[in-house]
Structure formats: C-alpha cells, structure tokens
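S.K.: okay, sequence plus prediction incoming.
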Amino acid sequence: MLRIWGRNNSSNVMKVLWLCEELDIHFERIDAGGAFGRTREPEYLAKNPNALVPTIEEPDGFTLWESNAILRYLARTRAPGHPIYPADPRIAADCDRWMDWQLGTLNPPMTTVFFTYVRIPEAERDYPATHKARDAAERLWRMVEAQLAGRDFLCGAGLTTADIALGIYVHRWFELPIQRPDLPALRAWYDRIRARPGYAKHCAGRLS
C-alpha cells in the first residue's frame, strides 16, 4: 500500500490526500512534520533530504518528494490517461503551467498572509508585509478569475491536477480574515471544488 508521510494540516500533504480520494487510491498516512517531528531523523532524510513533507513511499521502496511531482506521478501510475492529468500534451502542459505557477508565484504571498493570521503570534506580526502580500495575492487571483471565465475548472470542463494544486490556496483566500474583491468566477470555482468529497474531507475547514 502507498505510504504518505506528512501531517494532514500541511497544504502540500492535503493536495496528495485529495488526489488519492479522487482516484480511489488506498494509502496509509504517517504523521510527520510540524509538531510530529520525524523529518530530521536519518530514516526520513534518506527518503527526503529536504526534511519537508509530503513524501510518498511505494511498497517496493521507491520514494518521491515535491507535492506537485507526486500528483503527476500518482495520476500517471494509478490512472494513466485519466482526465485529471490529461493525455493530450497541450492540456497536460496547461496543467503543468498552473501547477508550476502555484509553487513559484502564488505560494509566496499566500504563505505570508497565512502565517500572519494562523501561525505567528499577534504581537510578532508584520502587518505592512502582510498587506503587501495580500495585494500581490489579489493580483494573482485576478489572473485565475480571468482563466476561469467560461470554464468550470482551470483547464476546461473537468477537474485536473491544476485545480488540486491551486484549490488548497483558494480555501485560505476565502477563509482568512482579509479584504477580498468580488471575483464571481473564482467564488463559483471554490464552491464547485468544495462540494467534492475529497476536498471536503481533507482540505476545507482547515486553517492550521
């Protein structure tokens, strides 16, 4: 059985858990990271020298880290050709683009906002930096709003790995105590993914 190392309140772990629910992949999850520790232990570092989560481990000993790489790997090996990671190379490239954008562009400002309101004690918060990050995040979510015009999901009519990669962060965008513009397509997309059982189980309702 597939093993997933990582605490269930990690955004990157949530992505993997949600995909497993979508593809009916059975797994064993092992708490690691944050309060659970383990990631600095030699056994874990042999699997993931970054000392981060998630890491997956196959029964034959194969391991993989980096959440978006894990999404692609599981889609290819457990459900090859499934529309969640399309076989068409151009649509797959579109998914990859949004997944890379999530890691490289959306993640930094959203992490700053999230840490300010959830992880950092109020007396230690840098609100000017947070407001700047919120403004940057708004500009980015407006890009997603434009992408969703006339679409149910980021890359077309069906859910893909791109929606999974960004879907974790849109929950935070709507649930954190910040000002938000009216972005109706983004809100409708959030409502659609929030109605999916895997998202409801592993992603929605958690700000920790």
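M.R.: The structure has been received and is ready for your questions. Predicted model only: the values in this text are computed from it and were never measured.
S.K.: tabulate the CA atom coordinates of stretch 163-182 in PDB.
M.R.: Coordinates of each C-alpha in stretch 163-182 appear next as PDB, following Å, rounded to 0.1, in the frame of the first residue of the first chain:
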ATOM      1  CA  ASP A 163      -7.300  22.600  -9.700                       C
ATOM      2  CA  ILE A 164      -5.900  20.500  -6.900                       C
ATOM      3  CA  ALA A 165      -2.600  22.500  -6.700                       C
ATOM      4  CA  LEU A 166      -4.400  25.800  -6.500                       C
ATOM      5  CA  GLY A 167      -7.500  24.600  -4.700                       C
ATOM      6  CA  ILE A 168      -5.700  24.400  -1.300                       C
ATOM      7  CA  TYR A 169      -4.900  28.100  -1.500                       C
ATOM      8  CA  VAL A 170      -8.200  29.400  -2.600                       C
ATOM      9  CA  HIS A 171      -9.700  28.000   0.600                       C
ATOM     10  CA  ARG A 172      -7.300  30.100   2.500                       C
ATOM     11  CA  TRP A 173      -8.000  33.100   0.400                       C
ATOM     12  CA  PHE A 174     -11.700  33.000   1.200                       C
ATOM     13  CA  GLU A 175     -11.400  32.000   4.800                       C
ATOM     14  CA  LEU A 176      -8.600  34.200   6.200                       C
ATOM     15  CA  PRO A 177      -9.700  37.500   7.800                       C
ATOM     16  CA  ILE A 178      -8.600  39.700   4.900                       C
ATOM     17  CA  GLN A 179     -10.300  42.100   2.400                       C
ATOM     18  CA  ARG A 180     -11.200  40.500  -0.900                       C
ATOM     19  CA  PRO A 181     -12.700  41.900  -4.100                       C
ATOM     20  CA  ASP A 182     -15.700  40.400  -5.700                       C
END
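S.K.: run a quick neighbour tally on residue 178.
M.R.: 17 (other Cβ atoms under 10 Å). Placement of C-beta: from N, CA and C, glycine included.
S.K.: element containing the closest residue to it other than its chain neighbours?
M.R.: Nearest residue to residue 178, sequence neighbours excluded (Cβ to Cβ, 6 or more residues apart in numbering): residue 134, at 5.3 Å. Secondary structure assignment for residue 134, by DSSP states H and E: helix 127-147.
S.K.: and the helix or strand just after that helix with helix 127-147, angle?
M.R.: Heading C-terminal from helix 127-147, the first helix or strand you meet, by DSSP H and E, is helix 161-175. With axes from the mean of the first three to the mean of the last three Cα atoms, to 10 degrees defining the directions, helix 161-175 sits at 130 degrees from helix 127-147.
S.K.: so, low pLDDT: which residues of this structure?
M.R.: Along the chain, segments meeting pLDDT under 70 span 206-208.
S.K.: all helices for it, in order.
M.R.: Under the criterion DSSP state H, the chain contains helices at 11-23, 42-47, 67-78, 89-101, 107-114, 127-147, 161-175, 184-194, 197-202.
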